[in-house]
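Q: Below are the sequence and a predicted model for it; my questions follow.
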Amino acid sequence: QVQLVESGGGLVQAGGSLRLSCAASARTFSSYYMGWFRQAPGKEREFVAAISRSGGSTVYADLVKGRFTISRDNAKNTVYLQMNSLKPEDTAVYYCAAGNRAGSYSLRARGSYDYWGQGTQVTVSS
C-alpha cells in the first residue's frame with residue numbers, strides 16, 4: 001500500500017508559478033512510476049505529466065509542455081511538479097498518482113496507476 005500526500009497548491013495570478021510536491025510512503029519509491037493529473041469542475045480527470053521510475057524519462061500533456069516540469073527525488077520519496085507561466089485554464093485540483101505495472105502500459109492513462117493522493121487545489125486568477 002502506498003500513501004500519497006500532495007502539497008503546494010494555492011492561489012496565483014496568471015503568469016505566476018507554483019511548485020507542487022507529492023510525498024510517498026512507499027518503502028520502495030523508486031519502483032513506482034509517478035504521474036500528475038488534474039480535474040477542473042465539471043470535467044474529467046486529465047493527464048498532466050509523468051515520470052519513469054528512475055526519473056530518466058518524462059512525458060507531458062500538450063497543454064502544459066514547455067511550462068510544467070516533473071521531477072523526482074528518490075532519496076526523499078517525493079515527486080514534484082514545477083508549474084510556470086500559469087494560465088486561468090490551469091485551475092483545477094491536481095492529483096499525484098503512483099503505479100508499478102509491468103509489461104505494456106501508458107504513463108498517460110489513469111488506469112495505469114494504482115494509488116492516488118487526495119489532491120491539492122490550484123487556482124489561477126486572470
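A: Thanks, I have it.
Q: avg pLDDT for stretch 44-53?
A: Per-residue pLDDT over stretch 44-53 has a mean of 97.
Q: what's in contact with that stretch?
A: Contact with stretch 44-53 is made by 30-39, 57-61, 64, 68-72, 79, 81, 94-95, 107-110, as judged by C-beta atoms under 8 Å, 6 or more residues apart in numbering. Any C-beta I mention is one placed from the backbone N, CA and C, and that applies to glycine too.
Q: Show me what counts as buried in that stretch.
A: When neighbours are counted by 16 or more other C-beta atoms under 10 Å, the buried residues of stretch 44-53 are found to be 45, 47-51, 53.
Q: How many residues are close by Arg67?
A: Counted with other C-beta atoms under 10 Å, residues neighbouring Arg67 total 15.
Q: ok, it - contacts?
A: Shown in contact with Arg67 (C-beta under 8 Å, 6+ apart): 83-86.
Q: Tell me how far it lies from Gln121.
A: Distance, Arg67 to Gln121, by C-beta to C-beta, to the nearest Å: 19 Å.
Q: Then Glu44?
A: In terms of C-beta to C-beta, Glu44 sits 17 Å off from Gln121.
Q: Do you have the strands of this protein handy? List them.
A: Secondary structure of the chain (DSSP state E): strands at 4-7, 10-13, 18-24, 33-39, 46-51, 58-60, 68-73, 78-83, 92-99, 115-116, 120-125.
Q: what bridges to the one residue sitting closest to the centre of the chain?
A: The centroid of the chain falls nearest to Trp36 when counting by C-alpha atoms, centre = their mean (1.9 Å). For Trp36, the beta-bridge partners under DSSP bridges are Ala49, Cys96.
Q: wait, doesn't it sit right on Ala92?
A: No. Trp36 is not in contact with Ala92 according to C-beta atoms under 8 Å; the separation is 10.5 Å.
Q: anything in contact with each of the two?
A: With contacts taken as C-beta under 8 Å, 6+ apart, Trp36 and Ala92 have no neighbour in common.
Q: so how far is Val2 from Tyr115?
A: Distance from Tyr115 to Val2, by C-beta to C-beta: 4 Å.
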